[in-house]
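Student: quick one, fold the following:
(one chain, ligands or ions: 1)
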Amino acid sequence: MILAFYSANRGLGAWEPALRQAMPEVELRAAPDLGDLEEIEAALVWRPPPGWLAALPNLKLILSQGAGVDHILTDPLRPRHVPIVRLVDPYMTRSMVEYVTFQVLRLHLKEPEFRRQQQDHVWRQLVPPSARDRRIGILGLGELGAACAAALVALGFDVAGWSRSPKQLPCVTSFAGEAAFDAFLARTDILVCLIPLTAATRGILGRATFDRLPRGASVINAGRGGHLAEADLLAALASGQIAEAVLDVFETEPLPADHAFWDHPRIVVTPHVAALTNPVTAAEAIAANLRRLAAGEDFPDRIDPDAGY
Ligand SMILES: NC(=O)c1ccc[n+]([C@@H]2O[C@H](COP(=O)([O-])OP(=O)(O)OC[C@H]3O[C@@H](n4cnc5c(N)ncnc54)[C@H](OP(=O)(O)O)[C@@H]3O)[C@@H](O)[C@H]2O)c1
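Tutor: Below is the predicted model of the structure:
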């Protein structure tokens with residue numbers, strides 16, 4: 001089997017030894033040196049240019065280099081009959097759990113306020129509520145959201161999640177669908193975005209959502225930049241409706257050097273690192289999917305293109 005590789009962000013680099021070790025039987029070809037395109041049966045991609053996938057006439061499987069597939073579905077020319085499989089990797093899930101719990105604890109323990117007090121040489125004891133009185137709301141209770149919810153429950157927080165279908169997760173209050181969105185927001189002090197970017201979720205972190213949160217709530221966006229209406233966030237921070245924001249993902253990445261977010265005293269910027277793909281661990285999941293393809297089996301992490309995730 002021949003696997004084609006394309007990444008808009010990085011070269012083959014660390015992928016090559018990882019993939020060769022995990023699947024020695026597969027021949028790896030990195031763009032632009034793809035040889036005879038008719039021989040290629042599978043493609044491992046991150047943000048392929050429009051038409052790149054369509055140029056592979058015998059493609060049978062599209063593998064995403066990340067958990068999200070929005071970077072593939074935006075290609076209007078992608079071959080519709082070819083299954084798309086996203087990356088689900090326990091290492092990546094652990095990374096997201098670390099990122100989200102760290103940022104929630106920072107906000108919960110008023111670390112941003114203590115940083116500002118220190119800059120002003122102010123000694124003032126601010127006391128956070130107990131964790132059980134801090135209401136965390138997670139947008140998306142899938143692979144990443146459910147794992148973050150479990151970790152936050154273990155820390156004693158009052159955790160709820162919002163998803164399309166209802167969930168039964170230990171000690172997590174489940175809100176499902178549009179009808180439950182307002183009630184979910186009304187009980188959320190720290191909102192964590194971990195939903196996929198789809199037509200239904202683009203701009204979900206915007207004024208209508210911020211206005212429905214309790215005044216002084218905080219927002220953590222580890223989903224995609226397209227979830228956030230940037231001007232709405234700046235307005236909500238200016239009015240005090242939102243107290244603090246932690247942003248890992250942006251509409252334009254890298255975040256432009258002159259962007260207002262960089263110097264904002266109530267915004268923390270991280271450079272899309274919440275759960276980076278680790279080629280060594282990802283290669284195991286990719287090899288398993290290529291073996292499924294060879295055996296004619298279905299793929300557990302196949303996405304539904306109509307739903308967009
Ligand atoms: N910042 C980073 O470094 C980083 C790293 C990895 C991933 N991500 C982002 O995290 C996202 C989530 O990853 P995942 O692996 O957890 O995805 P997943 O397992 O597919 O879970 C997605 C969750 O979102 C819910 N959802 C989707 N559309 C919805 C809608 N319109 N309304 C309400 N709920 C909706 C789903 O509901 P149902 O369960 O009912 O279907 C599901 O619970 C990825 O798509 C990616 O964009 C970011």
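
Student: with adjacent residues omitted, what lies nearest to Ala217?
Tutor: Asp189 (5.4 Å; C-beta to C-beta, 6 or more residues apart in numbering). The C-beta positions use only the backbone N, C-alpha and C, and glycine is treated the same way.

Student: flag every residue of the stretch 1-150 of the chain that's near the ligand.
Tutor: With C-beta under 6 Å from any ligand atom as the criterion, the stretch 1-150 of the chain comes near the ligand at residues Gly66, Ala67, Gly68, Gly140, Leu141, Gly142, Glu143, Leu144, Gly145.

Student: so what's the second one up against?
Tutor: When you say that, I think you mean Ala67. Applying C-beta atoms under 8 Å, 6 or more residues apart in numbering, we find Ala67 in contact with Arg86, Leu87, Val88, Met92, Glu143, Leu144, Ala275.

Student: neighbours of the residue lying closest to Gly308 once chain neighbours are set aside, how many?
Tutor: Excluding the flanking residues, the one nearest Gly308 by C-beta to C-beta, 6+ apart is Thr198, at 3.2 Å. Number of residues near Thr198 (other C-beta atoms under 10 Å) recorded here: 19.

Student: wait, Thr198 touches Asp304, no?
Tutor: No. Judged on C-beta atoms under 8 Å, Thr198 makes no contact with Asp304 at a distance of 10.3 Å.

Student: just say helix, strand or coil for Val97.
Tutor: Classification of Val97 using DSSP: H, G, I helix; E, B strand; the rest coil returns helix.

Student: tell me the pLDDT of it.
Tutor: At Val97, the model reports a pLDDT of 98.

Student: so it touches Cys148, yeah?
Tutor: Yes. Counting by C-beta under 8 Å, Val97 touches Cys148, with 5.4 Å between them.

Student: who has more neighbours, the two?
Tutor: Cys148 (28 against 19).

Student: contacting residues for that one?
Tutor: Met96, Val97, Val100, Thr101, Ile138, Val192, Leu194.

Student: quick check, it in a helix?
Tutor: Yes. Under three-state DSSP, Cys148 falls within a helix.

Student: on that earlier part again, for the contacts of Cys148, which ChimeraX command selects only the ones that are buried?
Tutor: Selection of buried members from these for ChimeraX, criterion 16 or more other C-beta atoms under 10 Å:
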select :96,97,100,101,138,192,194
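
Student: ok, which pair from the contacts of Cys148 is furthest apart?
Tutor: Thr101 and Leu194 (12.6 Å; C-beta to C-beta).

Student: state the phi and psi torsions of the residue nearest to Ala217.
Tutor: The phi/psi pair for Asp189 (degrees, to the nearest 10) reads phi -90, psi -40.

Student: please report how far it lies from Asp248.
Tutor: 19 Å (C-beta to C-beta, to the nearest Å).

Student: count the residues that sit near the nearest residue to Arg10 once chain neighbours are set aside.
Tutor: With sequence-adjacent residues excluded and distances taken as C-beta to C-beta, 6+ apart, Arg10 is closest to Trp46, at 7.9 Å. Neighbour count of Trp46, defined by other C-beta under 10 Å: 18.

Student: same thing with Ala231?
Tutor: Neighbours around Ala231, by other C-beta under 10 Å: 11.

Student: who does the host helix or strand of it touch, helix- and strand-wise?
Tutor: If you go by DSSP states H and E, Ala231 is part of helix 230-239. On a contact count with 3 or more C-beta pairs under 8 Å, 6 or more residues apart in numbering; DSSP states H and E, helix 230-239 meets helix 207-212, strand 242-247.

Student: for the most centrally placed residue in the chain, give me its contacts.
Tutor: Geometric centre of the chain, nearest residue: Gly223, 3.6 Å, by C-alpha atoms, centre = their mean. Gly223 is in contact with Leu139, Gly140, Cys193, Leu194, Ile195, Pro196, Leu197, Thr201, Val249, counting by C-beta under 8 Å, 6+ apart.

Student: wait, doesn't the last one sit right on Ile220?
Tutor: Right, Val249. No. Here Val249 does not reach Ile220: they are 10.6 Å apart, not a contact under C-beta under 8 Å.

Student: more neighbours, these two?
Tutor: Taking other C-beta under 10 Å, Val249 and Ile220 do not tie; Ile220 has more neighbours (28 against 22).

Student: pretty sure the more buried one contacts Ile190?
Tutor: Yes. At 6.8 Å, Ile220 and Ile190 qualify as touching, with contact defined as C-beta under 8 Å.

Student: what touches both of the two?
Tutor: Val104, Leu107.

Student: and for the residue in the chain that the ligand sits nearest to, the neighbour number?
Tutor: Ranked by C-beta to the nearest ligand atom, the top residue of the chain for proximity to the ligand is Gly142, at 1.7 Å. Counted with other C-beta under 10 Å, residues neighbouring Gly142 total 18.
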